[in-house]
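Chemist: give me the fold of what follows.
(2 chains)
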2 protein chains.
Amino acid sequence: MKKFAPVGALLAVLAGTAVHADDSDGIEYRQHIMKTLDEEMAAIGMILANRAPTDALATHTRILATTAATAKKAFEPKIPGGEAKPEVWANWADFAKRLDALTAATGQLAQVDAAAATGVRADLATACKGCHDQYRVPKK
Amino acid sequence: MKKFAPVGALLAVLAGTAVHADDSDGIEYRQHIMKTLDEEMAAIGMILANRAPTDALATHTRILATTAATAKKAFEPKIPGGEAKPEVWANWADFAKRLDALTAATGQLAQVDAAAATGVRADLATACKGCHDQYRVPKK
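Modeler: As a prediction, this is how the structure comes out:
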């Protein structure tokens, strides 16, 4: 079987270098998405408070809407951990409904002008908080 | 002049509640943009390393490209501070050229498939590092 040794060595190298998604990857990935939502909500909040240039509002709302649409998919794999409570998957139907509402609300924000955006953003912030209270481990 | 007192009181209230952008706002705003770039680059890096679902690649590259386009505008006001070195404005032409290159590279990333994306992302990471080395205060 000596002639297979190089193949075995090659397989060992491949096993060492091939990368596969594991649970910590799933957690890390969804955290990048939620942090993007966070940063973009903050940028939008600054614009609506006249603390940043209004002309960037449409761009940030578009980024927020696009990101929100990726969030549900990122939570679909049942991987408890990070800041997610186990209730995310125990109450998946409710959690998914809330993420759908988030996507719809951000899409709506992307379509309104600055005057109407303040109201939509307030609804959105309430939606964020409602879901975080229910499904996110409280910050220490 | 007694009849003007209520007007004066109203003006005082308005002065207290009206919000105007100041320097710390300018710094905070551009930090939200750079952090969004960071999170999205990380998400894309995970996808290209097979640590997150490939089907989200197009969405993340689109978010990255859209965000990159907002970065230059956010640095235009000359507000030293945060992690930005004064060289950002001292060498504005070079800094602006690098941000234009970033926008072009992210736009390119948004148009390639997963196989080609790895190479573009490597170029992009080099561009990020090159600019950070030159213009960002080193992390402690």
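Chemist: centre of the chain to stretch A:88-101, how far?
Modeler: 13 Å (C-alpha atoms, centre = their mean, to the nearest Å).
Chemist: just the buried positions in it, please.
Modeler: Using 16 or more other C-beta atoms under 10 Å in any protein chain shown as the test for burial, stretch A:88-101 gives A:88-89, A:95, A:98-99, A:101. (Glycine included, C-beta is placed from N, CA and C.)
Chemist: equivalent analysis for stretch A:113-129, please.
Modeler: In stretch A:113-129, counting by 16+ other C-beta under 10 Å, buried: A:117, A:120-121, A:124, A:127-128.
Chemist: follow-up on the earlier one: and the buried residues of stretch A:88-101, which two are the farthest apart?
Modeler: A:Trp89 and A:Ala101 (18.4 Å; C-beta to C-beta).
Chemist: counting neighbours, what do you get for A:Asp38?
Modeler: 16 (other C-beta atoms under 10 Å in any protein chain shown).
Chemist: so what does it look like in phi/psi?
Modeler: Dihedral pair for A:Asp38: phi -60, psi -50, per degrees, to the nearest 10.
Chemist: go on, A:Gly81?
Modeler: According to degrees, to the nearest 10, A:Gly81 has phi 130, psi -180.
Chemist: could you do A:Arg136 as well?
Modeler: phi -110, psi 140.
Chemist: quickly list what it is bridged to.
Modeler: A:Ala84 (DSSP bridges).
Chemist: pretty sure it contacts A:Glu87?
Modeler: No - taking contacts as C-beta atoms under 8 Å, A:Arg136 lies outside contact range of A:Glu87: 9.8 Å.
Chemist: tell me which of these two has more neighbours.
Modeler: A:Arg136 (17 against 14).
Chemist: list the contacts for the more buried one?
Modeler: A:83-85 (C-beta atoms under 8 Å, 6 or more residues apart in numbering or on different chains).
Chemist: so how far is A:Met34 from it?
Modeler: Distance of A:Arg136 to A:Met34, computed by C-beta to C-beta, to the nearest Å: 9 Å.
Chemist: and A:Leu109, by the same measure?
Modeler: 17 Å.
Chemist: those two: who's more crowded?
Modeler: Between A:Leu109 and A:Met34, A:Leu109 has the larger neighbour count (other C-beta under 10 Å), namely 25 against 20.
Chemist: which residues are in contact with that one?
Modeler: A:44, A:61, A:64-65, A:117, A:120-121, A:124.
Chemist: of the contacts of A:Arg136, which is the nearest to chain B?
Modeler: Relative to chain B, the closest of the contacts of A:Arg136 is A:Glu83; by C-beta to the nearest C-beta it sits at 14.9 Å.
Chemist: ok, back up a step: helices - which of the buried residues of stretch A:113-129 land there?
Modeler: A:117, A:120-121, A:124, A:127-128 (DSSP state H).
Chemist: and those near chain B, which?
Modeler: For chain B, no contacts are drawn from these by C-beta under 8 Å from any C-beta of the partner chain.
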